[in-house]
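A.B. asks: Got a sequence here, can you build the structure:
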Amino acid sequence: MAKILINRSPGTAKRFIENLGNQVQLEMVQIPTGTFKMGAPETEEGSSDDERPEHEVTVPTFFMGKYQVTQAQWKFIASLEQVNRELKPDPSDFKGDNRPVEQVTWSDAVEFCDRLSQYTNRNYRLPSEAEWEYACRAGTTTPFHFGETITSDLANYNAESTYGAGTKGTYRNKTTEVGSFGVANAFGLYDMHGNVWEWCEDTWHSNYEGAPTDGSAWVKDVDDNDNRYRLLRGGSWYLDPDCCRSASRSNYVIDYDVGLRVVCGVSP
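C.D. replies: Numbers count the residues shown, from 1 in each chain. Modelled structure (predicted):
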């Protein structure tokens, strides 16, 4: 059996903490500006044509949530004054304050960002797809930020399936508390592979022909309530490991394993 190499290294990250009330906090990590190659080569196992052509993108500095939005954070923000639409205070199937919120539509995610922005007086939003992949990779070019493969000791996914030289592991069949694996990437972000899908600001495009190269969201005119046309990244507890790769992308209506992670500008 081939040896599995997992990249591990200590690091520090610039961050700030948003105190939301009721002892609920939101930790934001600075993602430094940089240029990376977005997408996957044809030789990458599990990749598809919608991840190509590979192209260079330069991403300006921004802040991103250290973790996926939790149910405690969601409940607090859902209790605030409505901006454009109602929010269910507890939409998740797998209950737990520190578990990621799930069963969230794209429009719900946008409303969360709007209420959070209004409460904090900062501009919170969903990440662009380019920002998400850049932040996930954190300088790496491998399928996962920790290396060529993935194991159930590092992430929450359907580990009854394998990827590369990886072996079968524990299929938990539910979400796990954010950060519970203790494995962050070089930017200090946790759970970028698996647990719940994360919404992006972009609309769906079937490939990267004509995609922006400045890190901005690629948006076309669609009905915002039609989640088929919105971008998802990161995979989930329910899916096979190839769907959890850094370059993997999806779009679909069903939101049972979908959550979010927020970003904001460089001036906290």
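A.B. asks: Could I get the contacting residues of H145?
C.D. replies: N7, C136, R137, A138, N185, A186, M192, H193, S246 (C-beta atoms under 8 Å, 6 or more residues apart in numbering). (Glycine included, C-beta is placed from N, CA and C.)
A.B. asks: Give me the subset of the residues you listed lying in strands.
C.D. replies: Residues of the contacts of H145 located in strands (DSSP state E): none.
A.B. asks: Neighbour count added to those residues, as TSV?
C.D. replies: Formatted as TSV, the contacts of H145 follow (neighbours: other C-beta atoms under 10 Å):
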residue	neighbour count
N7	13
C136	24
R137	22
A138	22
N185	25
A186	16
M192	29
H193	27
S246	28
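A.B. asks: In TSV: the residues you listed, plus pLDDT.
C.D. replies: Formatted as TSV, the contacts of H145 follow (pLDDT from 0 to 100):
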residue	pLDDT
N7	52
C136	98
R137	98
A138	98
N185	97
A186	97
M192	98
H193	98
S246	98
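A.B. asks: I'd like those residues laid out as CSV, including distance to K75.
C.D. replies: Shown next, in CSV, are those (distance: C-beta to C-beta, whole Å):
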residue, distance to K75
N7, 36
C136, 27
R137, 32
A138, 30
N185, 28
A186, 31
M192, 24
H193, 26
S246, 30
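A.B. asks: I'd say S161 and Y238 touch.
C.D. replies: No - applying C-beta atoms under 8 Å as the test, S161 and Y238 come out as separate, 11.4 Å apart.
A.B. asks: For the two, indicate the residue with more neighbours.
C.D. replies: Y238 (20 against 15; other C-beta atoms under 10 Å).
A.B. asks: And the average pLDDT for the helix or strand harbouring N19 is what?
C.D. replies: Assigned by DSSP states H and E, N19 belongs to strand 15-21. Averaging pLDDT along strand 15-21 yields 94.
A.B. asks: For that strand, buried residues please.
C.D. replies: Neighbour counts over strand 15-21 (16 or more other C-beta atoms under 10 Å) mark E18, L20 as buried.
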